[in-house]
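*Asks:* with the input below, show me the fold.
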Amino acid sequence: MPSTSALASTLQTFDNFSQPNAWKAMATDDISATLRPTNGPHGKALCLDFNFNGVSGGATLRRSLPITFPENYALSFDVRGKTPPNDLQLKLIDASGDNVWWYRHEHFQPADDWQTITASKRDIESAWGPAKDRTLRQSQTLEFTLYAGQGGRGEFCVSNLRLTRLPPVPADAPAPASVTPNALLMQQAKRAPRGVYPRGFSGEQSYWTLVGVDGGAKQSALLSEDGAVEVRKSGWSIEPMLLDRHALIDWATVHSTHSLLDGYLPIPTVHWRAGELRLDTTAFARGTPPHADLLLQYRLHNDGDRPRTLTLALLLRPFQVNPPTQFLNTPGGISPIHDLDWDGHAVRVNRALHVAPLQTSVTFVASRHGTITLPQQLAAGERPQVRTLHDDSGHAQGALLYSLSVPPHADIAVGVVVPADGQPFTRPVDAPDWLQRQHDDVAAAWRAKLNRVSLQLPPAQQSLADTARSAQAQMLMSRDGPALQPGTRSYARTWIRDGVMMSEALLRSGHADVVGTFVQWYAPHQFRTGKVPCCVDARGADPVPENDSPGELLFAIDEWWRYRHDRAAVLNLWPHVERTVAYLDRLRSSERTPANRGTALYGLMPASISHEGYSAKPMHSYWDDFWTLRGYDDAVELANALGKREEATRYAASRDEFRADLQASILASTHEHGIDFIPGAAELGDFDPTSTTIALSPGNARAWLPPVLLRQTFERYWQDFVARREGARAWYAYTPYEWRNVAAFVRLGWRERIPPLLAFFMADRRPTAWNQWAEVVGRDPRQPRFVGDMPHAWIASDFLRSLYDLFVYERASDHALVLAAGIPAAWLRGDGIGIERLRTPYGELGYALHERGGELILRVHGDLTPPPGGLVLPWPYAGHPTGLAWLDGQPVSWHGDEIVIRKLPATLRIERPATSRPEP
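*Replies:* Numbers count the residues shown, from 1 in each chain. So this is what the prediction gives:
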């Protein structure tokens with residue numbers, strides 16, 4: 001045993017807190033924080049008094065403290081205080097300020113008395129930074145931060161910061177044993193027959209879809225491709241299996257297909273086929289947030305010539321549908337079941353939610369988790385009936401068992417209800433009819449919401465129209481009350497950028513009321529400085545600087561104004577417009593410095609991490625700048641609309657100056673890096689066309705962007721896309737945000753290149769019939785990976801915006817509505833294409849366009865005032881127009897490759913020369 005003196009030699013005190021002036025109190029936007037000295041357990045201490053004031057962010061103690069770390073060590077410090085649960089972060093920052101390591105203690109609540117916290121080397125992880133070597137060897141600055149969990153106010157006191165030098169860890173020492181519950185069950189799943197555990201635990205990527213009500217993200221359920229239902233966020237699941245005597249029929253022994261009611265409604269079904277048997281699992285939700293009930297229907301079909309008797313087992317299992325590979329915000333995998341209680345009418349799970357069968361002829365069985373799972377017990381003929389069961393491990397499983405006798409060529413259905421908020425459920429006397437009525441009522445309500453715009457497409461393209469309607473439902477179900485969110489699990493937060501992209505899609509779809517509630521809810525979260533939070537969640541407004549946010553808020557307010565013209569509401573929002581523009585002016589002025597003059601950084605938005613690709617180190621992302629320029633445009637329009645001429649003039653001057661700086665920056669960056677495309681970030685010269693698309697839509701920057709650079713950016717994207725599609729370039733995964741590039745191709749006039757993009761992206765819906773995309777799509781569909789939310793509502797909006805752009809988009813240079821610029825010529829034959837009731841800033845637009853008998857015929861109608869630039873139809877075929885044209889029976893001239901319509905309704909007939917027609 002080492003002597004006391006030997007132990008002392010390994011211990012180094014870095015700060016005894018006798019010099020409080022070495023420390024500084026800091027806080028993010030709108031949080032207050034002050035320091036005061038006090039006495040510690042062994043000397044002096046410092047207390048941080050803080051108040052989160054209802055926002056998210058952190059309160060921090062910071063000092064410069066150079067540390068050189070030995071090979072093995074532990075950092076220790078003493079703490080006490082009074083605070084609601086928040087995250088304690090010890091940050092160690094290198095001399096560059098770019099690389100950060102941290103120790104985190106989530107949901108930290110200090111005691112009233114002093115306690116010691118020790119962070120060993122393995123507890124301190126790389127947080128972020130561009131350094132390739134992620135080993136902590138030296139740091140320059142140290143911070144203690146309380147980051148918002150519950151927020152609130154309180155005190156955090158710290159004393160006696162020291163480092164203990166520890167013996168080196170032997171090279172052959174085993175890693176610390178740490179088997180998580182997910183890992184444990186995944187190991188068991190490998191040893192069990194395939195199908196006994198969910199697919200996500202069995203080493204295969206699984207997919208799922210969302211089940212919920214409009215605005216009810218918190219209460220939403222998930223239905224897996226294999227028929228399991230996660231009843232609530234992070235919740236346990238109900239999984240069907242069939243028993244044919246001792247033969248177990250599960251997801252691994254059947255052929256599965258999928259459908260949505262009517263091809264688009266958010267009422268999904270999983271179809272199992274096993275020989276002459278079919279089982280359909282349908283899920284839907286009724287009610288309103290936060291009181292939404294989950295309803296499940298299981299229909300067993302017998303397609304054979306003899307009667308069949310089987311047991312349907314609806315297993316209550318401690319597994320989320322969200323699989324173990326999901327880690328962001330809502331970790332997937334296990335959802336513990338500790339308690340099951342059966343009263344003969346319903347099962348109560350964890351003393352909370354009920355599972356209420358609609359049929360009376362049902363048996364309940366349950367068992368604690370063991371080496372033999374409950375499905376295997378059932379297959380062996382065991383029926384462990386219980387009234388109540390507790391399992392300390394949280395791995396309890398139960399099952400509702402139905403003995404079903406199905407005549408030949410007939411079917412039989414059973415239903416289950418999971419009521420909202422754990423409320424008891426009274427079984428209706430006419431259960432089958434009741435369930436069908438609920439199904440029909442929910443379907444009718446969704447039809448009314450999703451059919452405000454009607455698309456006519458060739459039969460081979462009907463999936464585009466169906467997916468357009470499903471995309472609206474995905475955005476509506478993913479929102480939490482007024483808060484638009486990209487997802488309900490991984491991305492259950494409200495980012496302003498996601499929200500504004502969804503807002504544009506929803507405005508065009510006829511959901512201006514949804515957008516109005518979102519904008520009026522989000523804007524008041526603006527900080528006192530005028531800074532617009534990048535995102536808002538239950539903790540409040542997030543202070544992380546993402547410099548696309550101000551422009552996006554201005555865009556959201558102006559778009560809502562342009563579609564609704566609610567002057568009173570916009571006047572209420574005007575103070576937010578003023579503060580946002582003032583904040584933008586301060587940001588760009590901070591980069592208009594002598595040091596930056598003549599460089600690509602002059603006059604831009606400061607570096608930020610709004611672009612996820614720059615999260616390791618903030619960059620001057622042109623994404624931020626394109627949004628800023630769009631925001632200035634919107635502020636000018638709002639000022640003019642409200643008669644604020646002085647503000648409009650001032651904002652226009654800021655816009656014009658910023659646009660000139662941005663244009664000069666792009667030219668300087670391309671020259672510095674020797675590139676012929678618009679880069680993603682000024683200092684990197686990186687290629688990122690899916691980010692650059694924002695310059696075209698909604699950025700309206702085509703008129704001033706260098707045309708050669710613009711075209712080459714998307715030409716390079718096209719060539720890369722072709723190589724990927726044809727297998728000439730290796731790839732493993734991509735994000736369907738690439739749907740945005742379709743909108744860019746429409747504006748560039750690359751009509752003939754659009755069908756391959758549509759076909760490629762549509763093929764990556766998973767499952768195809770559920771009309772949805774994950775955030776990440778892998779080339780190998782079964783390779784386990786993080787995929788984000790399914791569906792991902794921002795991607796749904798990118799798809800919908802691009803699809804609408806095929807039919808019509810607003811050209812900023814002359815405020816014309818350009819019709820059918822992205823419609824492939826082949827779609828015009830026969831019945832052609834059409835759109836009804838599409839919302840625009842000028843009213844509702846409807847038109848039909850088809851080619852028949854050597855003529856191209858366009859009929860335009862709708863409750864619409866023609867915009868200043870009119871309605872424009874570009875020549876849809878190769879080459880330049882040569883055919884004669886008649887508008888409402890009168891000859892009309894071509895303006896270049898376009899015909900302009902300025903009065904509605906209108907009928908345009910264009911003679912199509914035989915040389916332009918395809919050969920039979």
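
*Asks:* can you tell me the SS state at residue 329?
*Replies:* Assigned by DSSP: H, G, I helix; E, B strand; the rest coil, the conformation of residue 329 is coil.

*Asks:* give the contact list for the residue nearest to it when sequence neighbours are not counted.
*Replies:* Among residues not flanking residue 329 along the chain, residue 490 sits closest, at 5.3 Å (Cβ to Cβ, 6 or more residues apart in numbering). Glycine gets a C-beta too; all of them are placed from N, C-alpha and C. When contacts are counted by Cβ atoms under 8 Å, 6 or more residues apart in numbering, residue 490 touches 326, 328, 329, 330, 775, 786, 788, 789.

*Asks:* which of the residues you listed lies closest to residue 45?
*Replies:* Within the contacts of residue 490, proximity to residue 45 (Cβ to Cβ) peaks at residue 329, which comes in at 34.9 Å.

*Asks:* what is the burial count for the closest one?
*Replies:* A count of nearby residues for residue 329, using other Cβ atoms under 10 Å, gives 14.

*Asks:* what about it, distance to residue 487?
*Replies:* Spatial separation of residue 329 from residue 487 under the definition Cβ to Cβ, to the nearest Å is 9 Å.

*Asks:* in a markdown table: the contacts of residue 490, plus distance to residue 190.
*Replies:* What follows is those, written out as a markdown table (distance: Cβ to Cβ, whole Å):
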| residue | distance to residue 190 |
| --- | --- |
| 326 | 19 |
| 328 | 25 |
| 329 | 28 |
| 330 | 25 |
| 775 | 28 |
| 786 | 21 |
| 788 | 26 |
| 789 | 27 |
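
*Asks:* pick out whichever of these sits closest to residue 51.
*Replies:* Using Cβ to Cβ, residue 329 is the member of the contacts of residue 490 that sits closest to residue 51, with 25.9 Å.

*Asks:* does that closest one really touch residue 488, like I thought?
*Replies:* No: Residue 329 is not in contact with residue 488 according to Cβ atoms under 8 Å; the separation is 10.0 Å.

*Asks:* mind listing the helices for the stretch 101-250 of the chain?
*Replies:* 181-191 (DSSP state H, counting those that start in this stretch).

*Asks:* so where's it shaky on pLDDT?
*Replies:* Per-residue confidence of the stretch 101-250 of the chain (counting by pLDDT under 70) places the weak regions at 173-178.

*Asks:* quick check: the gap between the spatially most central residue of the chain and residue 327.
*Replies:* Among the residues of the chain, the smallest C-alpha distance to the mean C-alpha position (Cα atoms, centre = their mean) belongs to residue 486, namely 2.9 Å. Using Cβ to Cβ, one obtains 16 Å as the distance from residue 486 to residue 327.

*Asks:* and for residue 512?
*Replies:* When Cβ to Cβ is applied, the distance between residue 512 and residue 327 equals 36 Å.

*Asks:* more neighbours, those two?
*Replies:* When residue 512 and residue 327 are compared on other Cβ under 10 Å, the one with more neighbours turns out to be residue 512, at 18 against 11.

*Asks:* isn't the more buried one right next to residue 839, touching?
*Replies:* Yes: the pair residue 512 and residue 839 passes the contact test of Cβ under 8 Å, sitting 7.3 Å apart.

*Asks:* joint contacts of the two?
*Replies:* The contact sets of residue 512 and residue 839 overlap at residue 563 (Cβ under 8 Å, 6+ apart).

*Asks:* what is the burial count for residue 332?
*Replies:* When neighbours are counted by other Cβ under 10 Å, residue 332 registers 23.

*Asks:* helix or strand: which one has it?
*Replies:* When elements are defined using DSSP states H and E, residue 332 is found to belong to no helix and no strand.

*Asks:* list the contacts for it?
*Replies:* Counting by Cβ under 8 Å, 6+ apart, residue 332 makes contact with 200, 320, 322, 323, 324, 325, 326, 489.

*Asks:* try it again at 6 Å.
*Replies:* Residues in contact with residue 332, defined by Cβ atoms under 6 Å, 6 or more residues apart in numbering, are 320, 322, 323, 324, 326.

*Asks:* from these, which single one is nearest residue 349?
*Replies:* residue 320 (13.5 Å).

*Asks:* would you confirm that that closest one contacts residue 230?
*Replies:* Yes: assessed by Cβ atoms under 6 Å, residue 320 is found in contact with residue 230 at 5.1 Å.

*Asks:* which one's more surrounded, the two?
*Replies:* With other Cβ under 10 Å as the criterion, residue 320 and residue 230 differ in neighbour count, and residue 320 comes out ahead with 30 against 27.

*Asks:* mind checking pLDDT for the more buried one?
*Replies:* Predicted confidence (pLDDT) for residue 320: 98.

*Asks:* residues touching it, list them.
*Replies:* Under the criterion of Cβ under 6 Å, 6+ apart, the neighbours of residue 320 are 230, 332, 335.

*Asks:* which residues does the first one contact?
*Replies:* If you count contacts by Cβ under 6 Å, 6+ apart, residue 230 has them with 221, 222, 237, 320, 321.

*Asks:* mind picking the two most distant members of those?
*Replies:* Considering Cβ to Cβ, no two members of the contacts of residue 230 lie farther apart than 221 and 320, which are separated by 10.8 Å.

*Asks:* burial of residue 606, as a residue count?
*Replies:* Neighbour count of residue 606, defined by other Cβ under 10 Å: 14.

*Asks:* same thing with residue 687?
*Replies:* 16.

*Asks:* which non-adjacent residue is nearest it?
*Replies:* Using Cβ to Cβ, 6+ apart, the closest residue to residue 687 is residue 677 (6.1 Å).

*Asks:* which SS class is the one you found?
*Replies:* Look at residue 677: counting by three-state DSSP, its state is coil.

*Asks:* the residue nearest to residue 820 when sequence neighbours are not counted in helix, strand or coil?
*Replies:* Closest residue to residue 820 apart from its sequence neighbours, by Cβ to Cβ, 6+ apart: residue 849 at 5.5 Å. Using three-state DSSP as the criterion, the local structure at residue 849 reads strand.

*Asks:* ok, now residue 574?
*Replies:* Look at residue 574: counting by three-state DSSP, its state is helix.

*Asks:* how far away is it from residue 554?
*Replies:* Counting by Cβ to Cβ - residue 574 and residue 554 are separated by 11 Å.

*Asks:* and the two? which has more neighbours close in?
*Replies:* Using other Cβ under 10 Å as the criterion, residue 574 and residue 554 rank with residue 554 on top: 29 against 15.

*Asks:* isn't that one up against residue 632?
*Replies:* No: if you go by Cβ under 6 Å, residue 554 and residue 632 don't touch, sitting 7.6 Å apart.

*Asks:* what about residue 882, how many residues nearby?
*Replies:* Taking other Cβ under 10 Å as the criterion, the count of residues near residue 882 is 13.

*Asks:* do the one 3 residues further on as well
*Replies:* Here the count is done by other Cβ under 10 Å, and residue 885 has 20 residues near it.

*Asks:* repeat for residue 741
*Replies:* By the other Cβ under 10 Å criterion, the neighbourhood of residue 741 contains 24 residues.

*Asks:* re the thing from before, list the contacts of the residue nearest to the centre of the chain.
*Replies:* Contact analysis of residue 486 by Cβ under 6 Å, 6+ apart lists 498, 792, 793, 794.

*Asks:* what do you get if the cut-off is 10 Å, keeping everything else the same?
*Replies:* For residue 486, the residues meeting the contact criterion (Cβ atoms under 10 Å, 6 or more residues apart in numbering) are 474-475, 478, 492-495, 497-499, 501-502, 775, 788-789, 791-797.

*Asks:* residue 318 now?
*Replies:* By Cβ under 10 Å, 6+ apart, the contact list for residue 318 reads 181, 185, 235-237, 333-338, 349-350, 369, 391, 393-397.

*Asks:* can you tell me the closest non-neighbouring residue to it?
*Replies:* Using Cβ to Cβ, 6+ apart and skipping residues adjacent in sequence, the residue nearest residue 318 is residue 337, 4.3 Å away.
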